[in-house]
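Asker: have a look at this prediction, sequence included:
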Amino acid sequence: MLINTYYNTDTIVAVATASGMGAIAVIRLSGANAITVANSVFKGKDLTKQASHTIHFGTIRDEDKVIDEVLVSLFVAPHSYTKENVVEISCHGSDFIVQQIIRLLLQNGARLASAGEYTKRAFLNGQFDLAQAEAVADLIASDSALSHEVAMKQMRGGFSQEIKRLRGELVHFASMIELELDFGEEDVEFADRNQLRALITNIQRIIRDLLKSFELGNVIKNGVPTVIVGNPNAGKSTLLNKLLNEEKAIVSDVPGTTRDFIEDEINIEGITFRFIDTAGLRETTDKVEAIGVERTMQKLSQSSLIIYLFDITEITAVQVQAELDRLNPKKLPLIAVANKIDQASPEKIQRFESIEGLVTISAAEGANLDELKQALVEKVNLGKLNIQSQTIVTNLRHVDSLNKTYTALEDTLNGLDLGISNDLVAADIRRALYSLGEITGEITTDDLLDNIFTKFCIGK
């Protein structure tokens, strides 16, 4: 279903700023009658006679009672976010004032917006495609330089352009094969099969690259789950506190103090790391501590990066290597970190040089933490990432559609090799086109849109 214009005469209203007391709040209206509704409660210039992209000072009144002094911004259709008439009322940030203004607007013909309805209307009115609409939510949620940059590129259509280009190339051959079906009895061939195979092979290669990029895209969007593991009293909690610059975890000389995991995140060079301090790894008869150790092993299996921290004064290099092999059977990115170097002699430290990629620190004194941070960034391997030129997939829905497209194209190739009838080849290509169209919203359903936009905040 290709959607170009959204016909809905409702005027919707919602608070566009975060709830709670603040200096100002912004109340947003959108719809054919948005300016008329706002004008009915506004005392100042006649808003219905003002130009688009202008701001007007006045008061919001309930009959003769002044609710607040406000600034009203006008965006006349189609020159607005939703391509409808949009009004934004900037008032003082009192919850009471906001609710009073919204109450008046509802009484004068508006209705409360549902979650994501502004962006949904923008999509349905052709302001941008579905992938760009989803990038709006990613932009709002971005909490690092990289996640912001990726979301901005997608919102500006970087990913969409790639998908539309692939779909456009495939549409050409699909139309040629469909044309052949109209001349089925005349045995004509409009679509060169060798060119079609080459095109499909190339599209599959691009899709593989896009799917591969999701591993990095997911890291950029959601952060890197990084588990800190090691024996009791290795200094895990001290390290976490130093990395976070706060006393997040209890530090004690008593082994087994941390009995559950403690989680927090920091940003290093634009990458969000979600650090998880876990219970010390040891055999124990304490039931509570044993549960903590079990949860540590669960967190290890869910992590993307492991910091194995050990007390360099209490263990040998052979023991460390054996522990590394035991803890990381999946060969996840791992950094071995030798702690308490302030208590070890140079000769003792030198005995651990055989440990690959070893970082030596003193968590208590904060020594060499910058080296550890640099090692973390290098392990994530985003250093060679060129956000400006590389298309990054960050959305699971897009991954699912790309996988479906790849499978349909594989079926098309197999069908060509087997010499199946044109109508079956055409059906496989249509499946591929459908899945690609789902990404940008050229093909969509009400259920899909509801699933996407109900995850947005109300005022967006």
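Answerer: Ah, there it is.
Asker: when you work out contacts or count neighbours from here on, use the C-alpha atoms and nothing else.
Answerer: Fine.
Asker: what about the strands in the stretch 301-450 of the chain?
Answerer: With DSSP state E, counting those that start in this stretch as the criterion, the stretch 301-450 of the chain has strands at 305-311, 334-339, 359-360.
Asker: which residue ranges make up the domains of the protein?
Answerer: 12-127, 137-218+395-440, 223-380 (automatic domain parsing).
Asker: start to end distance for the second one?
Answerer: It stands for domain 137-218+395-440. Start and end residues of domain 137-218+395-440 are separated by 15 Å (CA to CA, to the nearest Å).
Asker: again with the shortest one
Answerer: Start and end residues of domain 12-127 are separated by 18 Å (CA to CA).
Asker: can I get the strands of the stretch 301-450 of the chain in a markdown table with mean pLDDT?
Answerer: Formatted as a markdown table, the strands of the stretch 301-450 of the chain follow (pLDDT from 0 to 100):
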| stretch | mean pLDDT |
| --- | --- |
| strand 305-311 | 86 |
| strand 334-339 | 88 |
| strand 359-360 | 90 |
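Asker: closest one to residue 440 among those?
Answerer: Of all the strands of the stretch 301-450 of the chain, strand 305-311 sits nearest to residue 440, with 32.8 Å by CA to CA.
Asker: now for the closest one, which elements pack on it?
Answerer: strand 224-229, strand 334-339 (3 or more CA pairs under 8 Å, 6 or more residues apart in numbering; DSSP states H and E).
Asker: those strands: which one's closest to residue 50?
Answerer: Closest among the helices and strands packed on strand 305-311, using CA to CA: strand 224-229, at 49.9 Å.
Asker: list the helices and strands the closest one packs on?
Answerer: Strand 224-229 packs on strand 271-277, helix 287-302, strand 305-311, going by 3+ CA pairs under 8 Å, 6+ apart.
Asker: ok, residue 333 - contacts?
Answerer: Going by CA atoms under 8 Å, 6 or more residues apart in numbering, residue 333 touches 304, 305, 306, 379, 380.
Asker: and the third one, how many neighbours?
Answerer: The reference is to residue 306. By the criterion of other CA atoms under 10 Å, residue 306 has 26 neighbours.
Asker: cool, the first one as well?
Answerer: Around residue 304 sit 19 other residues, with neighbours defined as other CA under 10 Å.
Asker: any idea how far the residue nearest to it when sequence neighbours are not counted lies from residue 140?
Answerer: Leaving aside its chain neighbours, residue 304 sits nearest to residue 225 (5.5 Å; criterion: CA to CA, 6 or more residues apart in numbering). Look at residue 225 and residue 140: by CA to CA, they are 21 Å apart.
Asker: so where is the stretch 301-450 of the chain shaky, pLDDT-wise?
Answerer: 301-303, 329, 381-390 (pLDDT under 70).
Asker: ok, 90 please
Answerer: 301-317, 319-338, 342-357, 363-367, 376-396, 415-427, 429-430, 436, 438-450 (pLDDT under 90).
Asker: show me where it has its helices.
Answerer: Assigned by DSSP state H, counting those that start in this stretch, the helices in the stretch 301-450 of the chain fall at 317-327, 346-350, 369-380, 396-418, 422-440, 446-453.
Asker: report the buried residues of the longest one.
Answerer: Within helix 396-418, the residues that qualify as buried by neighbour count (16 or more other CA atoms under 10 Å) are 398-399, 401-413, 415-416.
Asker: equivalent analysis for the third one, please.
Answerer: Buried residues in helix 369-380, defined by neighbour count with 16+ other CA under 10 Å: 369, 372, 375, 376, 377, 379, 380.
Asker: quick one: which of those is nearest to residue 120?
Answerer: For the buried residues of helix 369-380, the nearest to residue 120 is residue 380 (34.9 Å; CA to CA).
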